[in-house]
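S.K.: sharing a model that was predicted from the sequence below.
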Amino acid sequence: MSFWFGVLVGVAGMGAAVWAVRGQAPVLPGPPDPVKTPPRAYSWTEQPPPVFPIPPYARFLKGVSIVLDPGHVGQQDPGGTWKRGPTGLREAEVNLRVALFLREFLEAAEARVVLTREREESLNLPDDEDLRRRAAVANERHADLLLSIHHNADNDPRPNFTTLFYHAAPDQSAAGLCAARYLLAGLDDALRLDKQIECAVLSDRVLHKNGLAVLREAEVPAVLSEASFHSNPQEEARLRDPAYNRREAYGLFLGLARWAQAGLPRIALAQAGAARAGQDVVVTLDDGLGSRGGWGADATQISAAAVVVRLDGKPAHYTFDAGKRQVHVSLPKALHEGRHELFVDFENIFGQHVLHPALGVEVGKP
């Protein structure tokens, strides 16, 4: 009998496992050659190692006010089967785990974070009141963003994709829509689902005529994420894993960090006290970038063509001073005394809109 067995070649993974002499360990293939491996030889759905470092651009989240809303629990659960996966995984508990992990990441970046709930406890409130209270948490804090965290469901067990929702029309939710774009990219990269719908950032009116209550009630930029489908059996199994929940939270975190990196524009009245009809009101514009200092900080980073000014809902006459980053709004001579709403919006060079574009202006006697 020959001492040598020869060489047996078996296909394993990306290549062949070569067995040498008797008793010797198999020589397994290494990772794919990063230079020569064709793009389609990689699997998109293969998850990268579960490591979640804080990137340097997350520093722009410092001081940003974010309210996280882990969806559900407060609503009624008829029959004990509402918002559950095929084997009973409750969406509400997954939403909360993701939110708690996301808070951990955001606090590491020194953002100011508040959750609308921190435990699995129903308040036994009607839906409308429950959702109103969630939005009120963000409104009372004048938050820079309300992010409502959810997971989707369908009677068909096959769908599994990511969707981000904003309220009403794009012009009504411009700042929230900016956040939604970055959040979508973060979730896509983190979860690596095998399907992407044609437009994954949608108005909540595609779901309901009046939109989603938690977004409709919000007076601050607001977005609702449906990261994946708990009604999909394979996805439900993944959603049971806390490491997968943390992966999702990390994707949301990176999306928020990139959103903040792009600048968060703000406005303010340049003068205190009452304005006068027939005179100008001066509004200072912070593009969210120049105030950081650094290279190019003195350059104008506001698109003049994208400046929008309205007084009490109607177009107002104004002049834009790019050098001083101001708009001068002319108040009509016939404007009555009292409080008026001045709306000023613009885009910075990243396309970011003003977080809180409505200002109250008190008009005194001429």
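M.R.: Sure thing, it's come through.

S.K.: can we go C-alpha only for contacts and neighbour counts from here?
M.R.: Noted.

S.K.: identify the residues contacting the nearest residue to Val283 once chain neighbours are set aside.
M.R.: Excluding its sequence neighbours, the residue lying closest to Val283 (CA to CA, 6 or more residues apart in numbering) is Leu269, at 4.6 Å. Listed by CA atoms under 8 Å, 6 or more residues apart in numbering, the contact partners of Leu269 are Val281, Val282, Val283, Thr284, Leu359.

S.K.: among the residues you listed, which are in helices?
M.R.: Among the contacts of Leu269, no member is found in helices (DSSP state H).

S.K.: with distance to Glu93, pLDDT and neighbour count as extra columns, can I get these in JSON lines?
M.R.: Shown next, in JSON lines, are those (distance: CA to CA, whole Å; pLDDT from 0 to 100; neighbours: other CA atoms under 10 Å):
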{"residue": "Val281", "distance to Glu93": "49", "pLDDT": "96", "neighbour count": "20"}
{"residue": "Val282", "distance to Glu93": "48", "pLDDT": "97", "neighbour count": "19"}
{"residue": "Val283", "distance to Glu93": "45", "pLDDT": "98", "neighbour count": "20"}
{"residue": "Thr284", "distance to Glu93": "44", "pLDDT": "97", "neighbour count": "18"}
{"residue": "Leu359", "distance to Glu93": "38", "pLDDT": "96", "neighbour count": "16"}
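
S.K.: now these as CSV including distance to Ala257?
M.R.: Formatted as CSV, those follow (distance: CA to CA, whole Å):
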residue, distance to Ala257
Val281, 34
Val282, 31
Val283, 28
Thr284, 25
Leu359, 27
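
S.K.: and stretch 300-313, how far apart are its ends?
M.R.: End-to-end distance of stretch 300-313 (CA to CA, to the nearest Å): 27 Å.

S.K.: ok, and for that stretch, which residues are buried?
M.R.: For stretch 300-313, a neighbour-count test (16 or more other CA atoms under 10 Å) marks Thr300, Gln301, Ile302, Val307, Val309, Arg310, Leu311 as buried.

S.K.: remind me, longest helix of the chain?
M.R.: helix 242-261.

S.K.: quick one: contacts of that one?
M.R.: 50, 52, 57-61, 94, 97-99, 101-102, 105-106, 178-179, 182-191, 227, 238-239.

S.K.: average pLDDT across the helix or strand just after it?
M.R.: Later in the chain than helix 242-261, the nearest helix or strand by DSSP states H and E is strand 266-269. The average pLDDT within strand 266-269 is 97.

S.K.: list the contacts of the residue nearest to Ala322 when sequence neighbours are not counted.
M.R.: Among residues not flanking Ala322 along the chain, Thr300 sits closest, at 6.3 Å (CA to CA, 6+ apart). Residues in contact with Thr300 (CA under 8 Å, 6+ apart) are Ala322, Gly323, Arg325.

S.K.: what about the last one, how many neighbours?
M.R.: Going back to what we said before, that points to Arg325. Residues lying near Arg325 (other CA atoms under 10 Å) number 16.

S.K.: how far away is it from Pro34?
M.R.: In this view, Arg325 and Pro34 are 47 Å apart by CA to CA.

S.K.: next one: the first one
M.R.: The span separating Ala322 from Pro34 equals 47 Å under the rule CA to CA.

S.K.: neighbour count for those two, which is higher?
M.R.: With neighbours defined as other CA under 10 Å, Ala322 and Pro34 compare such that Ala322 has more, 15 against 8.
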